[in-house]
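*Asks:* give me a 3D structure for the following:
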Amino acid sequence: MSDKLKNIIPFAFNGNLTRENMSEALEIIMSGEAPEGQIAAFLIALQKSGVNSEHMLGAMDVMNKKMVAVNIPKGSIDTCGTGGDAKFSLNISTAISFVLAANNVTVAKHGNKALTSKCGSADVLSALGINIDMPTRLIEECLKKIGICFMFAPNHHPAMKYVGPVRQQIGVRTIFNMLGPLLNPGNVDNQIVGVFSKDVLNIYKEVFDKRDGKNAFIIHGYDGMDEVSTEGENLIYSKEYGKLIFDPQEINLSRPIDSELVGNEPNYNADRIIDIFTGKKDSFYEIVCINAAFGFLLASNKEPNMNNIKEYYELSRNIIDSGAAEKKLKDLISFTNQ
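*Replies:* Numbers count the residues shown, from 1 in each chain. Alright, predicted model coming up:
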């Protein structure tokens, strides 16, 4: 252990941290050279002074070099949220992955177990019977054969082992909540990213504007939800088409029954995904369909106008109602357990 990080903490605390400082700090942390107390102090100081796009890019410079990469087809998509919205909602972005993959959109999903919520994507996928702990070779084969895969973050970001325990101990949002969606091991071309605040949306906008060849919808849902919410107006940024305000009532969706969107432990959340894939039509079904619609819009690179949103919302309903999403789920379960 060393005190190198200790010398950078004041810059984070005073709001003077540069991209280069951030890269230096992450290199120290990810090399296992920093004591946990200093890591906690750095993360809390940075959160207090405010994370910006330069901090994000500086961290990504280091994290991407240390990542265990996966070869994926061009045009693949990832769907995820930053978490941290305190909604404890069901696993919406995980559910839409199967809807997209069932209609020939290649989904290279990246995620982790819950840190600031009750059930992360890895938790619910495990509860569904999917083996999330596969080597890179099999992940690549899975994506070619099934059109969907899951990349378990700890297997692809082994250096995060120095940060994970600290994040759990301090129990608050940190820059790593924001970084996770940007560190897909396949370096996907298309991303649906849900964020918990308008400030974070603006940071993501600046990050994506500086990343060539990457297309994205960045979504800040009504009342802080990190998905497209059916509760009210959503702020959505498209790198291609700019900002959009969208209320699902504009395509005649009803307001949700809040209790039908609240998640719990992994088995419960897994059962709720199976419910909507096998015929249950409730608020969870509707919110999955409208979020999947934006995934199809991104993959097709079509303008997110009302006609196109409604078209892909109806497509999402048809895919689920036909049993195709359930079949794609079963295909992934079968492949990952062979």
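*Asks:* any chance you could map the strands in the stretch 201-338 of the chain?
*Replies:* 215-220, 234-238, 242-246 (DSSP state E, counting those that start in this stretch).
*Asks:* of those, which stretch is the most buried?
*Replies:* Comparing the strands of the stretch 201-338 of the chain by mean neighbour count (mean count of other CB atoms under 10 Å), strand 215-220 comes out on top with a mean of 25. For the C-beta atoms, the positions are set from N, CA and C on the backbone; glycine is no exception.
*Asks:* partner strands of that strand and their direction?
*Replies:* Using DSSP bridges, strand 215-220 pairs in its sheet with strand 190-194 (parallel), strand 234-238 (antiparallel).
*Asks:* got the domain ranges for this structure?
*Replies:* Domains of the chain are assigned by automatic domain parsing as 5-66, 77-156+164-336.
*Asks:* redo those as CSV? Include mean pLDDT.
*Replies:* Below are these laid out as CSV (pLDDT from 0 to 100):
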stretch, mean pLDDT
domain 5-66, 96
domain 77-156+164-336, 94
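*Asks:* ok so, going back, in TSV: the strands paired with strand 215-220, plus distance to Phe88.
*Replies:* Shown next, in TSV, are the strands paired with strand 215-220 (distance: least, CB to CB, whole Å):
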stretch	distance to Phe88
strand 190-194	14
strand 234-238	19
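*Asks:* for Gly83, which of the ones you listed is the nearest?
*Replies:* Ranking these by proximity to Gly83 (CB to CB) places strand 190-194 first, at 8.7 Å.
*Asks:* tell me the contacts of the residue nearest to the spatial centre of the chain?
*Replies:* Nearest to the centroid of the C-alpha atoms of the chain, with distances taken as CA atoms, centre = their mean, sits Cys80, at 1.9 Å. Applying CB atoms under 8 Å, 6 or more residues apart in numbering, we find Cys80 in contact with Ser93, Lys109, His110, Gly111, Ser121, Gly180, Pro181, Gln191, Ile192, Val193, Gly194.
*Asks:* now the fifth one. Its backbone dihedrals?
*Replies:* Read that as Ser121. The phi/psi pair for Ser121 (degrees, to the nearest 10) reads phi -60, psi -40.
*Asks:* how much space between it and Thr136?
*Replies:* 18 Å (CB to CB, to the nearest Å).
*Asks:* more crowded one of those two?
*Replies:* Ser121 (27 against 15; other CB atoms under 10 Å).
*Asks:* how about that one, what does it touch?
*Replies:* Neighbours of Ser121 in contact, by CB under 8 Å, 6+ apart: Cys80, Asn91, Ser93, Thr94, Lys109, Gly111, Asn112, Phe150.
*Asks:* what number of residues lie near the nearest residue to the second one once chain neighbours are set aside?
*Replies:* Yep, that's Asn91 we're talking about. Closest residue to Asn91 apart from its sequence neighbours, by CB to CB, 6 or more residues apart in numbering: Val124 at 4.5 Å. When counting by other CB under 10 Å, one arrives at 27 neighbours for Val124.
*Asks:* quick check: beta-bridge partners of the residue nearest to the centre of the chain?
*Replies:* Residues in beta-bridge contact with Cys80 (DSSP bridges): Val193.
*Asks:* helices of the stretch 1-150 of the chain, start to end?
*Replies:* 9-14, 19-30, 36-49, 53-66, 92-101, 121-127, 136-146 (DSSP state H, counting those that start in this stretch).
*Asks:* what's the most buried one of the ones you listed?
*Replies:* Highest mean neighbour count among the helices of the stretch 1-150 of the chain (mean count of other CB under 10 Å): helix 92-101, with a mean of 27.
*Asks:* distance from it to the middle of the chain?
*Replies:* 12 Å (CA atoms, centre = their mean, to the nearest Å).
*Asks:* tilt between that helix and helix 136-146?
*Replies:* 50 degrees (axes from the mean of the first three to the mean of the last three CA atoms, to 10 degrees).
*Asks:* so who does the residue nearest to Asn91 touch?
*Replies:* So Val124 contacts Asn91, Thr94, Pro266, Asn269, Ala270, Ile273 (CB under 8 Å, 6+ apart).
*Asks:* by residue count, which helix of this protein is the longest?
*Replies:* helix 283-300 (DSSP state H).
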